[in-house]
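**Student:** Can you look at this prediction? I've put the sequence above it.
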Amino acid sequence: MPSPEIPSTEYDKERWMRALEVMATALGKEGPPVKLCLIGSAACLFAGMELRTTEDLDIWQPSSDFDLLELKRAAEEAGLTFNPTDLLEPGRAYLQIVEPGIVQVGPFEPVVMFRMGRIIVTRPPAENIIASKLVRADAKDIEDIHFLHQHYQADLALVKAIVSGYPAAKRESAEENLVYLEILQ
């Protein structure tokens, strides 16, 4: 049961770890590794950002490797909605498969966060996540950028280089928000 401060769709680190544990158990011990590269707030959440919650885990398709039906079944076993394309079911957290397009992350080698049974959870380097968050730069994104910079000692010059490789429209948005990096220097 969630704590009173956390809405039922918002999962903190502990709730996501429990959900992933249920998924790992549902996947069983036999079969190839299930590689999930998480982008977005997951890096903050699993690194221990205080009070950070999220209703979803964004799985970066190009750097992940899983059997779609097997992962869907495991997510449902954990009480999660899998890759919703329409309206979200109220009160349920979800796994979202994300492909390049609206979201930009830039090229990277995944960093392993942890392993749970057959599930191997990775993330992009902090600089890529910061660059990605600069495209939208809402209030939570700015908090995440600050946390990621402090926690991982992110290289802000590398963040700028990643942004410079984005498609024009996303690059322009991110470049306008580079002012948030100036505050960190």
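**Tutor:** Sure, I can see it.
**Student:** from what I can see, residue 76 looks like it's in a helix, true?
**Tutor:** Yes - per DSSP: H, G, I helix; E, B strand; the rest coil, residue 76 lies within a helix segment.
**Student:** Can you classify the closest residue to residue 164 other than its chain neighbours as helix, strand or coil?
**Tutor:** The shortest distance from residue 164 to any non-neighbouring residue, by C-beta to C-beta, 6 or more residues apart in numbering, is to residue 171 (6.7 Å). C-beta: built from backbone N, CA, C; applies to glycine. Here residue 171 is helix, with the state taken from three-state DSSP.
**Student:** and residue 91, how many neighbours does it have?
**Tutor:** For residue 91, the count of nearby residues is 10 (other C-beta atoms under 10 Å).
**Student:** Local confidence estimate at residue 71?
**Tutor:** Looking at residue 71, its pLDDT reads 98.
**Student:** So it belongs to a strand, correct?
**Tutor:** No - judged by three-state DSSP, residue 71 forms no part of a strand; its state is helix.
**Student:** From residue 56, how far out is it?
**Tutor:** Using C-beta to C-beta, to the nearest Å, we find residue 71 at a distance of 14 Å from residue 56.
**Student:** and if you look at residue 79?
**Tutor:** For residue 79 relative to residue 56 (C-beta to C-beta), the value is 13 Å.
**Student:** Quick check: neighbours shared by the two?
**Tutor:** residue 93 (C-beta atoms under 8 Å, 6 or more residues apart in numbering).
**Student:** Between those two, which is the more surrounded one?
**Tutor:** Neighbour tally, residue 79 and residue 56, criterion other C-beta under 10 Å: the higher count belongs to residue 56, 21 against 12.
**Student:** Verify the contact between the more buried one and residue 97 for me.
**Tutor:** No - under the criterion of C-beta atoms under 8 Å, residue 56 is not in contact with residue 97, lying 10.7 Å apart.
**Student:** What helices and strands are in contact with the least confident helix or strand in the chain by mean pLDDT?
**Tutor:** For the chain, scoring each helix and strand by mean pLDDT, DSSP states H and E identifies helix 179-184 as the least confident one, at a mean of 81. With contacts taken as 3 or more C-beta pairs under 8 Å, 6 or more residues apart in numbering; DSSP states H and E, helix 179-184 sits against helix 126-136, helix 139-152, helix 156-164.
**Student:** Does residue 38 touch residue 120 like I think?
**Tutor:** No - using C-beta under 8 Å, residue 38 is not in contact with residue 120; the gap is 11.0 Å.
**Student:** Of these two, give the one with the bigger neighbour count.
**Tutor:** More crowded of residue 38 and residue 120, by other C-beta under 10 Å: residue 38, with 25 against 18.
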